[in-house]
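Student: Turn this into a structure:
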Amino acid sequence: MRQFEYADEKISDNELMIAIPSVTIGVGVLSLPSLIAENTIGSDGWIPILGAGILFVAITWLIVKVASMYPNQPFISFASLLVSKPIATILTILLALQGVFITGFVLRIIADIAKEYLFDRTPLEVISLSFLLVVCYAVSGSRAGLFRLNMMFFPIIIFIIVFVGIFSTNWYDATNFLPVFQTDIQGYAGAMKNSIFSLTGLFILFFYTSLVRKPDKAPKKAAYGMTMVPIFYIFIYFMCIGVFGYAGTANVNYPIIEIAKEIEIPGGFFERFDSIFFVIWMMAVFNTVTMAFDSSLYALKSVFNLKKMHYILVLTPMLFFVAMTPEDVMDVQKFGDFVSIYGLVITTLTAVVLFIIASVKKKTSSEASKRRNSKS
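Tutor: Model (predicted):
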């Protein structure tokens, strides 16, 4: 069977916009309400989520802005112009490692969740390897095809979450949202840290912006895409608080899954709605993993010019090893913290440094051009 090939590997600015929530919204949102509720009182958790969202919208705009200054150039090319080829190579490898870490962490988390709620007799290794093989098959094909999948899956994911929210309103208790504005500064800081950790994944923009057909519109569309994420998270957080209260939400590992388990469709059309929820949510996780893994392949291929399949064959056993290294829940949590901190530091520093240097060079070049024109 011949592989379908697109006319080109270019993407639209709308596809880039949808790729941002697609890679950001994954397994993290399942536990985010619980982590936020541990540090806040009442419904105050929306404040740190909004604060983290504003911060990441700014970072998103910075990344895409600096990449769009050098249209159709891969990251290593324009980074070499700004900080020299050796430093650009190091940054590319560090960003590629972030994709490897995210992929390995998500593989482990999805295996743990699937074993707890669906396949209680299936070994973690089998669940993780099965999912990894599907991801490898996806990234071995067209890169543009991944963006088409995002465009197809994302509306379905939004629909299922809104659906859960609507059918859970019968369990809402208005008193669960009270009191308001009672959380101290330390609580807000802890909740914002957890919110920031759930928003990582923006490193893909360093590489995918070069694929956009109209890069001049990309920064604005990317900011729109990132704006969807905190709105989505706040909606889920309020849903969980309305049902469980902040104390109950803090003591449930995956509150949104627990809500989905209890939903009953009128007429008994679905007896186990949580199984439908898992199928749809697997799409979100699939988007996250494929984009992270493919970004690593894209980055490494720009440094070492080998075939994509060679990288897949080398990285696949490494990813499986990374996913299976944590021994228990505490190790998985520590690994997740490491992945989040690593990604936040690398992505933010790279974006800020490159943007400052690019802005200074652009200003210097503009002033030099004006001087030449005035002399002539």
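
Student: Please list all residues in contact with Ile110.
Tutor: When contacts are counted by Cβ atoms under 8 Å, 6 or more residues apart in numbering, Ile110 touches 27, 127-128, 131, 282, 285. C-beta coordinates here come from the backbone N, C-alpha and C atoms, glycine included.

Student: Equivalent analysis for Val64, please.
Tutor: For Val64, the contact set (Cβ under 8 Å, 6+ apart) comprises 16, 205, 209, 218-219, 222-223.

Student: what two of these are the furthest from one another?
Tutor: Across those, no pair lies farther apart than Thr209 and Ala223, at 12.8 Å, counting by Cβ to Cβ.

Student: which one of these two has more residues nearby?
Tutor: For Thr209 versus Ala223, neighbours defined as other Cβ atoms under 10 Å are more numerous around Thr209 (29 against 19).

Student: can I assume that one sits in a helix?
Tutor: Yes - Thr209 forms part of a helix when assessed by DSSP: H, G, I helix; E, B strand; the rest coil.

Student: Report the contact partners of it.
Tutor: Counting by Cβ under 8 Å, 6+ apart, Thr209 makes contact with 16, 63-64, 67-68, 215, 218, 222.

Student: I'd like to know how far it sits from Ile236.
Tutor: Noted for Thr209: a distance of 28 Å to Ile236, by Cβ to Cβ, to the nearest Å.

Student: Equivalent analysis for Phe278, please.
Tutor: 16 Å.

Student: who's more crowded, these two?
Tutor: Ile236 (22 against 18).

Student: wouldn't that one be in contact with Ile256 here?
Tutor: Yes - taking contacts as Cβ atoms under 8 Å, Ile236 lies within contact range of Ile256: 5.9 Å.

Student: joint contacts of the two?
Tutor: Residues touching both Ile236 and Ile256 (Cβ under 8 Å, 6+ apart) are 29, 33, 161.

Student: What number of residues are in the vicinity of the second one?
Tutor: In this case it means Pro33. Neighbour tally, Pro33, other Cβ under 10 Å: 27.

Student: Spatially, which residue comes closest to it, not counting chain neighbours?
Tutor: In space, and not counting its chain neighbours, Pro33 is closest to Cys240: 4.0 Å by Cβ to Cβ, 6 or more residues apart in numbering.

Student: three-state assignment of the one you found?
Tutor: Reduced to three states with three-state DSSP, the structure at Cys240 is helix.

Student: for it, what are its contacts?
Tutor: Going by Cβ under 8 Å, 6+ apart, Cys240 touches 33-34, 37, 249, 255-256, 259.

Student: Save the residues you listed as a markdown table, and put in distance to Gly99 and secondary structure too.
Tutor: Output for the contacts of Cys240, formatted as a markdown table (distance: Cβ to Cβ, whole Å; DSSP: H, G, I helix; E, B strand; the rest coil):
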| residue | distance to Gly99 | secondary structure |
| --- | --- | --- |
| Pro33 | 26 | helix |
| Ser34 | 26 | helix |
| Ala37 | 30 | helix |
| Thr249 | 31 | helix |
| Pro255 | 29 | helix |
| Ile256 | 26 | helix |
| Ile259 | 31 | helix |
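
Student: Between all of those, which two are at the greatest distance?
Tutor: Within the contacts of Cys240, Ala37 and Ile259 form the most distant pair, 13.8 Å apart (Cβ to Cβ).

Student: If you count surrounding residues, which of the two has more?
Tutor: The neighbour comparison of Ala37 against Ile259 (other Cβ under 10 Å) goes to Ala37, with 28 against 25.

Student: Okay, that one and Phe286: tell me how far apart.
Tutor: For Ala37, the distance to Phe286 equals 28 Å [Cβ to Cβ].

Student: cool, and Ala88?
Tutor: Ala88 is 31 Å from Phe286, where distance means Cβ to Cβ.

Student: Excluding chain neighbours, give the residue nearest to Ile156 in space.
Tutor: In space, and not counting its chain neighbours, Ile156 is closest to Ile280: 6.0 Å by Cβ to Cβ, 6+ apart.

Student: C-terminal to the helix or strand harbouring the one you found, what's the next element?
Tutor: Using DSSP states H and E, Ile280 sits within helix 273-303. Sequence-wise, the next helix or strand downstream of helix 273-303 (DSSP H and E) is helix 308-324.

Student: the inter-axis angle of that next one versus helix 273-303?
Tutor: Helix 308-324 runs at 130 degrees relative to helix 273-303, counting by axes from the mean of the first three to the mean of the last three Cα atoms, to 10 degrees.

Student: got the contact list for helix 308-324?
Tutor: Contact partners of helix 308-324, identified using Cβ under 8 Å, 6+ apart, comprise 100-101, 103-105, 107-108, 111, 124-125, 128-129, 132, 136, 139-140, 293, 296-297, 300-301.

Student: got the buried residues for it?
Tutor: Using 16 or more other Cβ atoms under 10 Å as the burial criterion, the residues of helix 308-324 that qualify are 308, 311-312, 315-316, 319-320, 322-324.
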